[in-house]
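Chemist: make a model of this:
(one chain, ligands or ions: 1)
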Amino acid sequence: MSEEIQTSWKFVDGDGRFLMRHPEHTSYLYFPLASEGGMKSSISPELRGDAKVDQNTFLLVPASVEDLHNSSFGRNFWVFTDKGAVWSVSGCSALQRAAGNSAEADEVSLQAGFLWHTVTRRNKRLGLKADVTNFTPVGYKHTEFMRVVITNVGEQTQTLTPTAAVPLFCRSADSVRDHRHVTSLLHRIRTTSRGIIVHPTLSFDERGHRRNRVSYAIFGAAADGSGPIGYFPVMHDYVGEGGSLDWPRAITANLPPQAGPGEQFQGYEAMGAMRFAPIILAPGESTEYLLVMGVEECASLERLESYLTSEAFGKELSSTQQYWESRLSRLHINTGNRDFDLWFKWVTLQPMLRRIYGCSFLPYHDYGRGGRGWRDLWQDCLSLLIMEPDGVRQLIHNNFAGVRLDGSNATIIGDGPGEFIADRNHIARVWMDHGAWPWLTTKQYIDYTGDCGFLFEQQTYFRDSHTRRCRGIDTQWNPQSDTLQLTRDGEPYQGTVLEHLLVQHLTAFFNVGENNNILLEGADWNDGLDMATNRGESVAFTSLYGHNLVEMSEVLEEIHGSQQMHSTMLGDECVALLDTLGGKIDYDSVDAKKELLDRYIESTAFAIGGGKREVPLLAIAEDLRRKGLWILEHVRNHEWIQGSEGYAWFNGYYDDDGKPFEGDTPSGVRMTLAGQVFAIMSGAATSEQLGEIVRSVNRYLWDESVGGCRLNTDFGDIPSNMGRCYGFAYGHKENGAMFCHMAVMYAYALFSRGLHCEGRRVLDAIYGQCMDFPTSRMYPGIPEYFDARGRGMYPYLTGSASWFLLVMLTQVFGVRGSMGDLVVAPRISAKDFNENGEASIETYFAERRIRVRYCKTNGSSGDACSVRRITRSGSEIPWRERSGAAYVPRDVITAFAPQDVHELCVELA
Ligand code: G1P
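Modeler: You can find the predicted model right below:
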């Protein structure tokens, strides 16, 4: 029995490139290769994974995680030697797989960087080495480039027969099982002088087939520019009777090519296999092969053949690397821990990846059909504001067009900015947290830019067949018509961004259950809480709405105070939600709230009047404050649980029987992290309660072996009156995993309330788990969660990356905006300083590149937090102290020259 080989990756330069030996001894590893043009590939150490443009346009066979090691579909390239040996550069051959860890086995290592992937494989006995590099070039829409360099590392001259072999899927992921064979009948395959092009005649969809316009191709050439000497374009002929993709007859029997250029085949599974002329390699000699795979309209595809040269490959690779480097250069940190700084760089890439991939399309993310959900869209904007600020104003503005007048929103989001698609499948579900996220992003936008005018921009509202927060269907609604809310005159109704935010928050405020917290409806942040749609309540998100209401009122007061504006126009119907403007209602009365909401919902269920009323900003502010404070007080006083073991925390939910979900139960203590995070972040928790919560989290949720605080305790039984997630095994995904998104938000909440040591402990535990490769088994970055065994799951596409970025920048380094001014309020730990007693962050503020360099001064304590002096080029810059933070007026920053890097040296006491 061979022993298990455990290796880890390590960073090999200051740019985040990493190296890993024996990557094939870890399962489930994959790396993203994506381009802004929309190509979405994934690649495993054995070159498996897939490549696609969208759900209906898969170039390679769709791959879920289990396929990464169990399936033979994937990129391959074979060498047949003059001694009759068969060797795959991907390792995907029956013989190489059987070699395991024996002396016969290949030696494999992997290197990857932004955003390229190279696997090196060497076989001592055969005297062969291959370096295979893949990337998706930044300049081309839907292509993946691959280069295979073969070296004779033996002692004798060898004659090698090379064959590239990539199975081509060329259709929708829906056809993996459904009509897989029938859809291959649509294939029209033809060979050219450089490759194979597949053009399916129709897009297969039983609801209505359409003529297909897209073609799929693979082209290849040898280093001297010569094309293949022949092809195996049909899967069946390549594999052969009784053969398989990891032992194909075309290779193992060294069969002559099935076709030359200019031939056609119809109605078969396509194979992108091409034979190159035999090559003689003396010891130490190398040769290379270039492959280009793409998805385009047919005419543009053949153009790709011109990239089959070493120069073109090298040029495209370096511009792709430069592109990602420049995107990532917008934010970087320098602490005493270089590994942490580089790991963080990978985290900052992740929100960009989610912009491209959405929440589908990497092997773990084998659900959904592309696009992002509403809350992900908004939260990713939090980091895009920092990493890709161009066009963010427009993007956020467009997103508001997805709000319905009943406070719910469109859930099907297209690829284009602000593209919301009517739900024609009638999936009626409202996630009660959705209304809260847009304010967080908008507030951050305003803080960074000072652009309060944004709140008063006009925007339309979304409309489809769902009415009354998805409790009703408008049978009159014409599914073919637009998705715009109309007035009774048939005009698109528009309101300010502020009005959209008010609609979202005020409808939520009134939409309470019997315990006077906001109803859970279809679920909240935890998508799995979907079985308490009647009586369930989310106290957790009630707190967040409360926080937002108070914050919105403060912003309106500031706008009023700065004389920018004193009143605004609101739709007649919306004004009714501001009950303090006339006939205040009793917020303790659930019935009174429901009544008011029902009246409003009825008044907006179909076309609306379109009339507007001028309302003073201060009156709106007062109304919002009253509601916000009521919520915070209510949660503080009614939802605090005293457990029997002397611990206390907040109840985060009510179940579908209207009972508190958390606390002591016969099957054990029930506690959720979400219930604590938003009570802390919102200020509902008093300082005393805060300390108690931390103690309880540490007692019930903290688990060092999985990287920190779990999402919930083990409820033992399956509460069927809360949600499907409790059907998941404990410790997995939304049932008690160490779910990074919520844990990072917990850290953020702790920082925001001054508990930075506790907050940092949470961040450090996550980082530590990510870096503990033997347990977490993942490349650099943050995963969605760590499972019951501490393994990192669903890497790359997770909202936790945005929040990690945010907490590092705005809390740990304390560099953030406040109504357009720069705030410097570090919460750096002693360990963040390098040997010179310095730590720095480079970012942009007011379109100026700034490096904030923190220096400890004599006498400063380990964790340095308070600012003593800020200088630039030796001269002090003006700032004022407010609540322990340094405020630098925006015009001080905008006076800096736009093109330079400006270092602000911050002396800490
Ligand atoms: C995912 C979803 C997110 C949801 C969360 C919990 O988290 O994307 O919308 O709130 O699960 O159900 P993520 O992968 O972003 O960390």
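
Chemist: separation between A217 and S300?
Modeler: 10 Å (Cβ to Cβ, to the nearest Å). Quick note: C-beta positions are derived from backbone N, CA and C, even for glycine.

Chemist: neighbour count for the two, which is higher?
Modeler: A217 (27 against 13; other Cβ atoms under 10 Å).

Chemist: how about the secondary structure of that one?
Modeler: State at A217, reduced to three classes by DSSP: H, G, I helix; E, B strand; the rest coil: strand.

Chemist: any idea which helix or strand carries the residue lying closest to it once chain neighbours are set aside?
Modeler: Distances taken as Cβ to Cβ, 6 or more residues apart in numbering put I197 closest to A217, at 4.4 Å, once the chain neighbours are dropped. Assigned by DSSP states H and E, I197 belongs to strand 195-200.

Chemist: circling back to that earlier point, measure the residue nearest to A217 to P233 for me?
Modeler: 9 Å.

Chemist: who touches both of the two?
Modeler: 189-191 (Cβ atoms under 8 Å, 6 or more residues apart in numbering).

Chemist: from those, pick the one nearest the ligand.
Modeler: Nearest to the ligand among the shared contacts of I197 and P233: I189, at 38.3 Å, using Cβ to the nearest ligand atom.

Chemist: for the residue lying closest to that closest one once chain neighbours are set aside, give me its contacts.
Modeler: Counting by Cβ to Cβ, 6+ apart, F265 is the residue found nearest to I189 once chain neighbours are left out, at 4.3 Å. Counting by Cβ under 8 Å, 6+ apart, F265 touches 187, 189-190, 233-234, 259.

Chemist: JSON lines for those residues, including secondary structure?
Modeler: Formatted as JSON lines, these follow (three-state DSSP):
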{"residue": "H187", "secondary structure": "strand"}
{"residue": "I189", "secondary structure": "strand"}
{"residue": "R190", "secondary structure": "strand"}
{"residue": "P233", "secondary structure": "strand"}
{"residue": "V234", "secondary structure": "strand"}
{"residue": "A259", "secondary structure": "strand"}
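
Chemist: the residue most distant from the middle of this structure, which is it?
Modeler: Most distant from the centre of the chain: Q156, at 49.8 Å, with distances by Cα atoms, centre = their mean.

Chemist: circling back: which of I197 and P233 has more neighbours?
Modeler: For I197 versus P233, the count of surrounding residues by other Cβ under 10 Å is larger for P233: 29 against 24.

Chemist: I'd say that one and E269 touch.
Modeler: No: P233 lies out of contact with E269 (Cβ atoms under 8 Å); the separation is 10.1 Å.

Chemist: show me which residues of the chain sit near the ligand.
Modeler: Selection of the chain residues close to the ligand by Cβ under 6 Å from any ligand atom yields 359, 373, 375-376, 525-527, 734, 741, 784, 794, 798-800.

Chemist: what is the lowest-pLDDT residue among those?
Modeler: Ranked by pLDDT, these bottom out at G373 (87).

Chemist: who's in contact with that one?
Modeler: Per Cβ under 8 Å, 6+ apart, neighbours of G373: 359, 411, 413.

Chemist: what are the phi and psi values at the closest residue to the ligand within the stretch 551-700 of the chain?
Modeler: Closest residue of the stretch 551-700 of the chain to the ligand, Cβ to the nearest ligand atom: A674 (9.3 Å). Main-chain torsions, A674, degrees, to the nearest 10: phi -60, psi -40.

Chemist: which of the shared contacts of I197 and P233 are buried?
Modeler: Buried by 16 or more other Cβ atoms under 10 Å: 189-191, out of the shared contacts of I197 and P233.

Chemist: pLDDT value on G416, please?
Modeler: Looking at G416, the pLDDT reads 69.

Chemist: and for the one 10 residues further on?
Modeler: Looking at H426, its pLDDT is 67.

Chemist: check the one 5 residues further on too.
Modeler: The confidence metric pLDDT takes the value 96 at W431.

Chemist: surely it touches R375?
Modeler: Yes: between W431 and R375 there is a contact at 7.1 Å, judged by Cβ under 8 Å.

Chemist: which of the two has more residues huddled nearby?
Modeler: For W431 versus R375, neighbours defined as other Cβ under 10 Å are more numerous around W431 (25 against 20).

Chemist: who's the more buried one bridged to?
Modeler: Residues in a beta bridge with W431, per DSSP bridges, are E521, A523.

Chemist: and it, what does it touch?
Modeler: 374-375, 411, 521-524, 527.

Chemist: one more time with 10 Å, if that's ok
Modeler: 373-375, 408-409, 411, 437, 520-527, 529-530, 538, 541 (Cβ atoms under 10 Å, 6 or more residues apart in numbering).
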